[in-house]
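> give the three-dimensional model of this entry:
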Amino acid sequence: MPPRQRAGFEAAYTRCLNTGLRANPPPKPSGKRGRPKQTPARNLLDRLVMHRAAVLAFLYDFAVPFDNNQAERDLRMLKVKHKVSGCFRSPQGAAHFCRIRGYISTLRKQGYSILDGLTSVFAGQPYTPRL
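You can find the predicted model right below:
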């Protein structure tokens with residue numbers, strides 16, 4: 001991305017944060033001990049300010065995904081399995097399920113064929129994903 005265009009996005013991000021901070025001022029001291037409770041909106045704004053570099057990381061490196069949907073997709077199958085069967089029969093069964101799902105997810109993320117990966121496992125020569 002050209003530096004000028006990136007600077008425009010950064011400026012727009014700053015304007016949005018400043019608008020939000022003006023609309024959600026910090027709470028006034030209540031006279032009680034400890035920090036005064038903030039609103040959820042103010043908490044979010046504080047996090048967006050504090051983690052600015054992480055939020056805008058996709059502007060500097062196009063390999064960084066814009067959202068975290070992949071993480072949510074990785075957890076979805078576990079939740080669906082739990083919802084359908086109610087629970088795992090044993091902790092060992094849950095561990096096996098998570099191990100298999102993690103392996104399949106890693107194969108998918110690295111562009112490796114899932115069928116070839118599972119075939120290699122049963123052939124005794126499992127594909128070892130890159131770290």
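
> for the rest of this, base every contact and every neighbour count on C-alpha atoms.
OK.

> give me the number of residues near the residue nearest to residue 102 when sequence neighbours are not counted?
Leaving aside its chain neighbours, residue 102 sits nearest to residue 74 (7.9 Å; criterion: Cα to Cα, 6 or more residues apart in numbering). Residue 74: 15 surrounding residues under other Cα atoms under 10 Å.

> cool, residue 111 as well?
9.

> roughly how far apart are residue 22 and residue 7?
22 Å (Cα to Cα, to the nearest Å).

> who has more neighbours, those two?
residue 7 (13 against 9).

> residues in contact with the strand or helix carrying that one: which ones?
Taking DSSP states H and E as the criterion, residue 7 maps to helix 3-23. Identification of contacts with helix 3-23 by Cα atoms under 8 Å, 6 or more residues apart in numbering yields 42, 45, 48, 49, 56, 59.

> over to stretch 36-55?
Against stretch 36-55 from outside (Cα under 8 Å, 6+ apart): 17, 20, 21, 24, 25, 26, 27, 28, 29, 30.

> kindly write the ChimeraX command that selects the buried subset of those.
To isolate the buried members of those in ChimeraX, using 16 or more other Cα atoms under 10 Å:
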select :17,21,24
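
> can I get the contacts of stretch 36-55 in CSV with pLDDT and distance to residue 114?
Output for those, formatted as CSV (pLDDT from 0 to 100; distance: Cα to Cα, whole Å):
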residue, pLDDT, distance to residue 114
17, 95, 43
20, 94, 45
21, 94, 47
24, 91, 48
25, 89, 51
26, 86, 50
27, 84, 52
28, 83, 56
29, 78, 57
30, 76, 58
